[in-house]
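> sharing a model prediction with you, sequence too.
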Amino acid sequence: MPKNVEPVAGAHASTKLLASGPWSFRTFGYIILIFSLIMFLVLAIWCVEHGMPNADEGFYALSAQLVWKGQLPYRDFAYTQTPLLPYLQGAAMELIGFGARQQRWLNVFWSLSMLVGLGWYLIWTTRRPLLVGCIFMLWCGSLPLVYYSTIGKSYALTQLILVIAAWGLWLRRPWVALVWISFFGVLAVGCRLTSLPAVCVIYFGAAMQARQQKVAWLVVIGMPLVFALCMLGPFYAADPVNAYFWTWQYHTSSLLEKRPVWRVGFDTLLISPGLFTLMFVGVWVCRRKLRAATPFLWCLLAGMVGILANIVVPSLYAEYTVIFMPLLIIGITEIGGLFTGRTVYIAIAILTAATFGASVLKYPDLYAPSYLSRVDTAAAFLEKHTDRGAEVLTPIPEVALRAGRSHVPGFEMGCFSLTGEMSDQKAVSLGIRTYGQLLHLIESGEPAAIVFSFNEVWNFNWSVPSLILFNQASKEGVIKAIGKRYYVGYYNDYYIVCLRRK
């Protein structure tokens, strides 16, 4: 034993040595944490340029541009999520530009900010840099977590806001905690509705503490309602029918076949098997030592409830659970602190290697070679062969955005902009188009260009809101109409650019 370290008596001797012992332990913990952040950044940079494109990325970027041009979600254009994300994303993209690449880089920034802030706070509260660094390795070693925290969707910003909201559980003044969690909780729900279960648990934890300090029930119940009314109410008041349709009815009317709950749950476990293994084993082993009233464990419960709700209710995609993983990290940090000795660190190292290996084997399809460079080349051709004010018909807005070209009104939702189950009047009122209107646009040659994807499913093949695929005759009708008025001017691995015949 080093001379400068005194023996520590009691059952937690090894734990205390790691927390306040030799300088090398603390330094090694910081090294591991910094290494995990660097690993995330390297993988995220790779995902920016080579991550598989997602059908939602284009309309998220376009929505951010539209709101900063003064348009309002639901009233002026279709938008399938709660309304705040385009404003938050758009505020930053107003400076860096609107497009798929800028959106991905912005999400790297959101995710890295979340990790840095969370790591600093956990070390400050637990004094366990080695434990925090090892747990972060589990998160940063999962390729799916890095990928979904990078691509242009709502996950990166929502998980950052959820972590900020959870910090309110550590605030000592109950009024401040309730205001803090109400504001950031509504902000998270305003970015992604599916974050609501976790927000409710976090707020309930703060509410319990507030009630112990004699804060009135009216205040506890009314606080989040006031924030929700002020922050989300104006969007729903501007066009209640459309807002209700796009944020609720659209999702509940979808006839996409639900997957078995066990299957979605299994896929969720495979996103980060090490993180879930550590959580399950830790909760089971330490279940009698856990103090349910701690902020750490409220966060753990919030993450678990959020994950379970998103597995059971939509029962579609495991990726919906990604936003709750940082909340699990907070809870696991306290569980890890209950273990003694170095066994937990060896176990985490093994789980990290297993997580990274499982990611590589399970998710090889996350790789799309030089995806964004193909966006650039297709956009360069489109920009060269169309006028600046030209309108482009496309189910994948990222190419037209990159070229600085406008979109045909009614197709702001990209591949989710077409319906075969509504009247023309109803579709236009909701900000989308019917199949007949699509054919008329193409046959009239109104768009200066048409940009399609080599992924056939994305080319206006879904009918809103059921999301049933159009039949083969409908697809052939679109192709025939395009052949009459347009010709293929350019194509690459991902995109086809058709120009209007003169």
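Received the coordinates, thanks. Please read all numbers here as calculations on a predicted model, not as lab measurements.

> count of residues packed around Ile479?
By other CB atoms under 10 Å, 12 other residues sit near Ile479. Using the backbone N, CA and C atoms, a C-beta is placed for each residue, glycine as well.

> show me the helices in the stretch 301-450 of the chain, by range?
For the stretch 301-450 of the chain, the helices defined by DSSP state H, counting those that start in this stretch cover 325-337, 343-362, 371-385, 398-403, 424-430, 435-444.

> the third one packs against which elements?
Using 3 or more CB pairs under 8 Å, 6 or more residues apart in numbering; DSSP states H and E as the contact criterion, the elements in contact with helix 371-385 are helix 23-50, helix 100-126, helix 398-403, strand 449-453, strand 486-491, strand 495-500.

> list the buried ones in that helix?
Using 16 or more other CB atoms under 10 Å as the test for burial, helix 371-385 gives 371-372, 374-379, 381-383, 385.

> go on, the last one?
Along helix 435-444, the positions that meet the burial threshold by neighbour count (16+ other CB under 10 Å) are 435, 437-439, 441-442.

> relative to Ala243, which of the residues you listed is nearest.
Each of the buried residues of helix 435-444 was checked against Ala243 using CB to CB; the closest is Gln437, at 23.0 Å.

> which non-adjacent residue is nearest the closest one?
In space, and not counting its chain neighbours, Gln437 is closest to Asp424: 6.2 Å by CB to CB, 6 or more residues apart in numbering.

> which residues does that neighbour contact?
434, 436-437 (CB atoms under 8 Å, 6 or more residues apart in numbering).

> need the residues you listed in JSON lines (columns: pLDDT).
Listed next are these as JSON lines, based on pLDDT from 0 to 100:
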{"residue": "Thr434", "pLDDT": "96"}
{"residue": "Gly436", "pLDDT": "94"}
{"residue": "Gln437", "pLDDT": "95"}
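
> can you put these in JSON lines and add distance to Ala449?
Listed next are the contacts of Asp424 as JSON lines, based on distance: CB to CB, whole Å:
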{"residue": "Thr434", "distance to Ala449": "22"}
{"residue": "Gly436", "distance to Ala449": "21"}
{"residue": "Gln437", "distance to Ala449": "18"}
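
> picking up where we left off before, and the helices of the stretch 301-450 of the chain, which one is worst for confidence?
Lowest mean pLDDT within those: helix 343-362, a mean of 74.

> between helix 325-337 and it, find me the angle.
150 degrees (axes from the mean of the first three to the mean of the last three CA atoms, to 10 degrees).

> picking that back up, quick check, nearest of the buried residues of helix 435-444 to Phe77?
For the buried residues of helix 435-444, the nearest to Phe77 is Gln437 (15.9 Å; CB to CB).

> where's the closest one relative to Glu443, distance?
According to CB to CB, to the nearest Å, Gln437 and Glu443 sit 11 Å apart.

> is Leu418 in contact with Asn459, as I believe?
No: look at Leu418 against Asn459 with CB atoms under 8 Å: they stay out of range, at 9.8 Å.

> neighbour count winner among those two?
A side-by-side neighbour count of Leu418 and Asn459, using other CB under 10 Å, places Leu418 first with 26 against 22.

> show me what that one is bridged to.
Note on Leu418: beta-bridge partners by DSSP bridges are Arg433.

> check contacts around it.
Per CB under 8 Å, 6+ apart, neighbours of Leu418: 432-435, 438, 460, 462-464, 470.

> again, but for Cys200
Going by CB under 8 Å, 6+ apart, Cys200 touches Val305.

> which segments of this protein make up each domain?
Domain segmentation of the chain under automatic domain parsing yields 23-52+99-243+256-366, 371-500.

> so which of the ones you listed is nearest Phe59?
The closest of the domains of the chain to Phe59 is domain 371-500. By CB to CB, the value is 4.5 Å.

> quick one: that closest one to chain centroid distance?
26 Å (CA atoms, centre = their mean, to the nearest Å).

> with stretch 342-362 instead?
Counting by CA atoms, centre = their mean, stretch 342-362 comes out at 24 Å from the chain centroid.

> likewise stretch 321-330?
Here stretch 321-330 is found 12 Å from its chain centre; the criterion is CA atoms, centre = their mean.

> please renumber the chain so that the first residue is 40 from this point on.
Taking 40 as the first residue, the last one we looked at is stretch 360-369.

> which residues sit against that stretch?
Residues from elsewhere that reach stretch 360-369 (CB under 8 Å, 6+ apart): 153, 157, 161, 174-175, 178, 183-184, 187-188, 194, 197-198, 201-202, 205, 231, 233-234, 237, 307, 310-311, 314-315, 318, 335, 338-339, 341-343, 345-346, 349-350.

> what's around Asp404, how many residues?
Counted with other CB under 10 Å, the neighbours of Asp404 add up to 7.

> next one, pLDDT for it please.
The model reports Asp404 with a pLDDT of 73.

> and Met78, by the same measure?
If you check Met78, the pLDDT there is 90.

> that one contacts Ser181, doesn't it?
No: using CB under 8 Å, Met78 is not in contact with Ser181, being 10.6 Å away.

> hmm, back to that, adding mean neighbour count and distance to Gly370, write the helices and strands packed on helix 410-424 out as TSV.
Formatted as TSV, the helices and strands packed on helix 410-424 follow (neighbours: other CB atoms under 10 Å; distance: least, CB to CB, whole Å):
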stretch	mean neighbour count	distance to Gly370
helix 62-89	17	18
helix 139-165	20	11
helix 437-442	28	37
strand 488-492	24	41
strand 525-530	16	49
strand 534-539	20	43
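
> can you list the ones you listed in TSV and add distance to Trp301?
Shown next, in TSV, are the helices and strands packed on helix 410-424 (distance: least, CB to CB, whole Å):
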stretch	distance to Trp301
helix 62-89	29
helix 139-165	29
helix 437-442	35
strand 488-492	33
strand 525-530	41
strand 534-539	38
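
> report the central residue of this structure.
The centre of the chain sits closest to Tyr194, judged by CA atoms, centre = their mean, with a distance of 1.1 Å.

> was I right to think it contacts Leu184?
No: with contact defined as CB under 8 Å, Tyr194 does not count as touching Leu184 (9.4 Å).

> I'm done for today, thanks for sticking with me.
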